[in-house]
Each structure stands twice: as C-alpha cells, then as structure tokens.
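> Sequence plus predicted model, see below.
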Amino acid sequence: MQYNSKQLPSVIKLMVEGAEKQGLPEINIPKVSRWLLENEHNPRVFIGVNKSVTALFVLIKAPDTFSYTEIIRDLVFYSNTPGAGFRLLKEGEQWIHKWGKSVHKAYLTTSQNTEEVDIMLEKYGMNKIGSQFEFKLGDS
C-alpha cells in the first residue's frame, strides 16, 4: 500500500532500525522526514509500506546519466517481518511497469549479500547482474 504522512513516525522508526541493523550511516531524521513529506504525492516516487509498517520499499524514477531514457532505482528496501518485503516488491513492480518504455532499467540493491537472498530474488523473477563493491575511505 502507498505510504501516507500519518505513517511518518513509524516509517522513520523502521528506517532507523534498518540502518542500524545493516551498518549504514545514521539516518538524518529531519532530512528524511522532509523528503518523505515532499514526495508523498510525487508520481516519480513509489513509497510502499505494509499495513503494520514493518516493511518499506522506496523507488525513484530518475534520468539515466548517459541515455535519453530513465532508470528506476531503489532508495530503501527493508523489512523486519519475513515475507512482508516481497509483498511490497509486487506493488513496486506494478508501479515500475506502468512507466513502459520510458524506463530501460529498474534496480534493487541489497546489503544482504547472501546466497539465500539471491535465491529468493531469483525465484521472484529478478536477474542478478553483478556484485557491488565499495572503496575503502579513510580509516574505515
């Protein structure tokens, strides 16, 4: 189901939890709150949550750097309830398909780099296109 601003506190709580569990940088709560409020009705943004707000999937349609078409990429995909994330994948996929040929790629990135996650996403019908690596920065 689509996010609505009444769910903001629960969504923020879920995002903070997800960042902590995945070892991501601390969430800037005022910045995220403002972004969610500004994009609640943006047709180029999909913000999907389940009814109990234990899963969140955020997609954005954006220009591709070097082509005339656009891409869709995920900004957040997190669930603390087994299966809830996959239900949101289905809703997100419907949103993706409504754009037709104006989009040439749609991406999902996961920090859960396990064979189990790969198998689940491939069973869902997604193709693994590679691995993501990060540069070591400073003392990290």
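Nice, I can see it. Numbers count the residues shown, from 1 in each chain.
> what sits against the residue lying closest to Pro25 once chain neighbours are set aside?
By the measure of Cβ to Cβ, 6 or more residues apart in numbering, the closest residue to Pro25 outside its immediate chain neighbours is Ala19, 6.9 Å from it. Every residue, glycine included, has its C-beta placed from N, CA and C. Going by Cβ atoms under 8 Å, 6 or more residues apart in numbering, Ala19 touches Pro25, Glu26, Ile27.
> Give me the three-state assignment for the residue nearest to the spatial centre of the chain.
The chain has Val76 as the residue nearest its centroid, 3.0 Å off, counting by Cα atoms, centre = their mean. Classification of Val76 by DSSP: H, G, I helix; E, B strand; the rest coil places it in strand.
> If it is in a bridge, with which residues?
Val58 (DSSP bridges).
> At which residues are the helices of the protein located?
8-21, 29-39, 84-97, 115-124 (DSSP state H).
> quick one, which of these is nearest to Phe135?
Distance to Phe135, taken as Cβ to Cβ, is lowest for helix 8-21 among these, at 20.0 Å.
> what mean pLDDT does the closest one have?
Helix 8-21 shows a mean pLDDT of 93 in the predicted model.
> What residues of it count as buried?
By 16 or more other Cβ atoms under 10 Å, the buried positions in helix 8-21 come out as Leu8, Val11, Ile12, Leu14, Met15, Gly18, Ala19.
> Good, we can wrap up now.
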